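Novice: Okay, here's the prediction I keep looking at, along with the sequence it came from:
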Amino acid sequence: MRLLTSAAAIAAALTLPVAAHAADAPVQVTLDASKPGAVIDRHVFGQFAEHLGSGIYGGIWVGKESTIPNTRGIRNDVVGALKALKVPNVRWPGGCFADQYNWRRGVGPERKPIGAGEPNTFGTDEFMDFAQQIGTEAYISVNLGSSTAQDASEWLEYMTASADHALGAERAKNGHPEPYKVAILGLGNESWDCGGAMSADFYVNEMKRFSHFLHSYNPAQPTMKRVAVGPSGGAENYTEEVMKAWKSRSWSWDIDAMSLHFYATGGWPPHMADTGFDEKDYAVLLKDPTAMDDLIKTQSAIMDKYDPEKKVALAVDEWGAWLAPTPGSNPGALAQQNSQRDAVLTALSLNVFARHADRVRMANIAQMINVLQAMILTDKDKMVLTPTYHVFHMYVPFQDATFIPLTFDAGTYTTNGVTLPRVDAVAAKDKAGKVWIAVTNIDAKSPATFSVSLAGVKAAKASGQTLSAPKVSSINTFDAPNTVAPKALSAKVAGGKLTITVAPASVTVLGLD
Ligand code: AHR
């Protein structure tokens, strides 16, 4: 830097406002709508509801006799909240639970419980009713680990066949004459571990049989997207075996996607506190979306070898924060609170999926209600929407929108020895032609100003919502449900530039008009 030597220069330096430090300088963003990317498949906003803890019982199902307002046993408050998210699909019944699920115990008038925790009162017909009530598609994960292809095939007959099939007739007798639709079919879950501890080649042989023998009988939805099990963490053996087999597949079987699970934990086993944490723990957890991005890149590169046209999607069908259980809760129930940190984590993760929209065409956050990084928490008749819920709601316009590349220098934010990008941003154009931009300020201490040059977009203003909180550890509770709630935000576009300033640790989504 040139030294100021004259007295006048020194005086000027003392009286002028202090130049903005790079860390506080506006983030210059360029949006070029003339170079659209891939469509961000709405299925990346999918959810996961497993028979685990109070994810189903208490969270969705209260039973027809409950005093909690319900429709055929399914909570009305939860259904109302989920409808607003336009949930594209729900993965059910697990997870690890799927590979020990006996669907027959959960249909008909005589349910066969597996102890108090699994009364089997929420079975196939109740799940399909729930899916219909919230307006979503069914992603059924079949039991490949401990059952047979014949049993899974019969389950599909029960769900999708007309009443002139024996099992379609059984479903009709149980009160559901119309066949259901199964949009997505999971062929096992984590088969390298809880799904049967199978070697990759053993799994691939099983998966081929299940892919071949399982059919949708419903002419209104004759094809199902089939999802094979993918890697364990960064291991490559499952990815190689599945993709190699797919490349040389015969007419008799096929898959549409390969699954990948990634949990943000800040280090395994899950140990990070869900509430009352400090800025360091905020930053540590937020390193994980970058780790997920790296994992997607390495697994996609293997897939590219066998499938350069990207016909097989990568389905990140379990993702989210996995923290230490809420103190005092049953550790096996995987109950955890949900804070502004989860909101920022959600936005960063959804942005990763958007940037990989050409390969990542499905994702399911774990899990929908009361388990892990939930949308909704319930306790008897009480319900609260989490910060994660609000981000999913704000991102609805990105469903099936076309990715628009942005260029910007995120800079860095360092706290307690942890360095992260200072900001993140993505943009997309919806089917009606409206452009949306989502900006995340990761920095927990300083606001951020974004100056967005809008090439190829005619707009006079931007409006939408911003989600910030008093602290990064702020949460919504049954007594204080709106501590973290979105607020309206708008800004003018002047000279082809949108300029907005957002709060520390915030997520903002704006539509351009
Ligand atoms: O989401 C909880 C569990 O995590 C799932 O059952 C399993 O698939 C994963 O290991």
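Specialist: Received it, and whenever you're ready, just let me know what you need.
Novice: hey, C-alpha coordinates of the longest helix belonging to the chain in PDB?
Specialist: Looking across the chain with DSSP state H, the single longest helix is helix 288-306. Output of helix 288-306 as PDB, limited to C-alpha atoms (Å, rounded to 0.1, in the frame of the first residue of the first chain):
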ATOM      1  CA  ASP A 288     -20.800 -30.400   6.600                       C
ATOM      2  CA  PRO A 289     -22.800 -29.100   3.500                       C
ATOM      3  CA  THR A 290     -19.400 -28.600   1.900                       C
ATOM      4  CA  ALA A 291     -18.400 -32.200   2.900                       C
ATOM      5  CA  MET A 292     -21.700 -33.400   1.300                       C
ATOM      6  CA  ASP A 293     -20.900 -31.400  -1.900                       C
ATOM      7  CA  ASP A 294     -17.500 -33.200  -2.000                       C
ATOM      8  CA  LEU A 295     -19.200 -36.600  -1.500                       C
ATOM      9  CA  ILE A 296     -21.700 -35.900  -4.300                       C
ATOM     10  CA  LYS A 297     -18.800 -34.900  -6.600                       C
ATOM     11  CA  THR A 298     -16.800 -38.000  -6.000                       C
ATOM     12  CA  GLN A 299     -19.800 -40.400  -6.200                       C
ATOM     13  CA  SER A 300     -21.100 -38.500  -9.300                       C
ATOM     14  CA  ALA A 301     -17.600 -38.900 -10.900                       C
ATOM     15  CA  ILE A 302     -17.900 -42.700 -10.500                       C
ATOM     16  CA  MET A 303     -21.400 -42.700 -11.900                       C
ATOM     17  CA  ASP A 304     -20.200 -40.600 -14.900                       C
ATOM     18  CA  LYS A 305     -17.800 -43.400 -15.900                       C
ATOM     19  CA  TYR A 306     -20.800 -45.700 -16.500                       C
END
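Novice: Give me the buried stretch members for it, please.
Specialist: Using 16 or more other CB atoms under 10 Å as the test for burial, helix 288-306 gives 288-289, 292-293, 295-296, 299-300, 302-303, 306. Where you see a C-beta, it was placed from the backbone N, CA and C, and this is true even at glycine.
Novice: wait, what's in contact with the residue of the chain found nearest the ligand?
Specialist: Residue nearest to the ligand within the chain: G95 (2.7 Å; CB to the nearest ligand atom). Residues in contact with G95 (CB atoms under 8 Å, 6 or more residues apart in numbering) are 48, 50, 52, 141, 189, 318, 366.
Novice: Quick check: which of the residues you listed are also close to the ligand?
Specialist: When contact is defined as CB under 6 Å from any ligand atom, those meet the ligand at 50, 189, 318, 366.
Novice: where along the stretch 101-250 of the chain do the strands fall?
Specialist: For the stretch 101-250 of the chain, the strands defined by DSSP state E, counting those that start in this stretch cover 137-142, 184-187, 225-228.
Novice: And the second one, what does it pack against?
Specialist: Taking 3 or more CB pairs under 8 Å, 6 or more residues apart in numbering; DSSP states H and E as contact, the helices and strands that strand 184-187 lies on are strand 89-92, strand 137-142, helix 200-213, strand 225-228.
Novice: Redo those as a markdown table? Include mean neighbour count.
Specialist: Output for those, formatted as a markdown table (neighbours: other CB atoms under 10 Å):
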| stretch | mean neighbour count |
| --- | --- |
| strand 89-92 | 26 |
| strand 137-142 | 25 |
| helix 200-213 | 18 |
| strand 225-228 | 24 |
